[in-house]
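1. fold the stuff below for me.
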Amino acid sequence: MVLVAHGSRDPRAAAATEALACAVRRVRPDWEVRATYLDHAGPRPLDVLAALPGRRAVVVPLLLTKAYHGRVDLPAVLSAAAGLPVSVTLAPVLGPAPAVIEGLVRRLPADRLDAVVLAAAGTRDAAARATVERAADALSARLSVPCAVSYASAAPPLPGAVVDLLRASGARRIGVAAYFLAPGRLYDLAARSALEAGAVAVAEPLTDAPEIARLVAARVDESLSGLLAAA
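-> From the prediction side, this is the model:
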């Protein structure tokens with residue numbers, strides 16, 4: 001299994017990805033699990049795939065939406081891997097599966113909230129933003145409180161602006177759920193914006209939440225089952 005994260009100059013991001021890889025190994029100790037990065041950190045996916053001659057690999061995108069990296073970067077990796085002596089299958093992105101919602105609930109550090117802001121990194125891709133909206137709707141239903149989407153970049157509104165709107169509507173205990181797999185600059189920006197506006201709690205990124213580790217394993221199982229069905 002080759003996990004593919006975006007990559008970041010922030011060392012916390014790589015540490016979070018490695019923690020998730022370790023969590024997946026605990027779920028499926030019979031699998032070889034490698035963490036790779038599209039940018040900044042190493043190793044790169046192609047380098048790892050090239051070191052697996054004659055073997056089968058499932059590439060799992062550590063992405064919560066199918067934005068640019070899911071639509072462009074990862075298909076480019078698979079296209080380049082076509083010339084390698086390894087059989088490569090691409091699994092779907094992780095979000096917004098029910099397991100992600102349960103991971104978000106696990107990470108929320110406060111109870112008795114009367115509203116939640118779902119903070120995501122942000123994208124200009126309308127279809128990707130729609131998946132974040134669906135995640136917010138599912139989280140709202142799961143917690144039985146209003147849940148509104150915010151973004152740290154690329155699209156409005158910022159988390160602080162959403163906290164302001166929820167406070168104006170009467171909410172007082174507003175928590176922030178982090179639609180992030182790893183910490184980094186955008187997560188920090190989202191957290192700071194929300195706290196300065198009066199949020200009572202900001203969740204940590206999903207990182208190695210048990211629900212996410214099991215979801216990664218399930219994505220691999222689904223991909224392998226699809227291969228067997230097509231054979």
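
2. okay, CA-based contacts and neighbour counts for the rest of this
-> Will do.

3. the strands in this protein, which residues?
-> Remark: strands assigned in the chain by DSSP state E are 2-5, 34-37, 56-61, 87-90, 115-120, 147-151, 174-179, 201-202.

4. of those strands, flag the one that's most buried.
-> strand 174-179 (a mean of 29; mean count of other CA atoms under 10 Å).

5. that one vs strand 115-120, what angle?
-> 30 degrees (axes from the mean of the first three to the mean of the last three CA atoms, to 10 degrees).

6. identify, by residue count, the longest helix of the chain.
-> helix 210-230 (DSSP state H).

7. so which helix or strand of the protein has the lowest pLDDT on average?
-> helix 68 (a mean of 62; mean pLDDT, DSSP states H and E).

8. for Ala130, give its distance to Ile212.
-> 21 Å (CA to CA, to the nearest Å).

9. who has more neighbours out of those two?
-> Ile212 (26 against 12; other CA atoms under 10 Å).

10. how is the chain divided into domains?
-> According to automatic domain parsing, the chain comprises the domains 2-95+209-230, 98-202.

11. can you say which of these is packed in most?
-> Stretch with highest mean neighbour count among these: domain 98-202 (a mean of 20; mean count of other CA under 10 Å).

12. so how far is that one off the chain centroid?
-> Its chain's C-alpha centre and that of domain 98-202 lie 14 Å apart, by CA atoms, centre = their mean, to the nearest Å.

13. next one: stretch 77-93
-> Worked out by CA atoms, centre = their mean, stretch 77-93 lies 21 Å from the chain centre.

14. ok, which stretches of this protein are helices?
-> Secondary structure of the chain, counting by DSSP H: helices at 11-27, 45-50, 68, 74-81, 98-107, 126-143, 159-168, 185-196, 210-230.

15. which stretches of the chain have low pLDDT?
-> Scanning the chain with the threshold set as pLDDT under 70 gives 67-71, 227-231.

16. if we go to 90?
-> Counting by pLDDT under 90, the chain shows low-confidence ranges at 39-42, 53-55, 65-78, 83, 92, 95-96, 109-111, 154-155, 224-231.

17. quick check: end-to-end length of stretch 109-126?
-> Across stretch 109-126, first to last residue, CA to CA, it's 30 Å.
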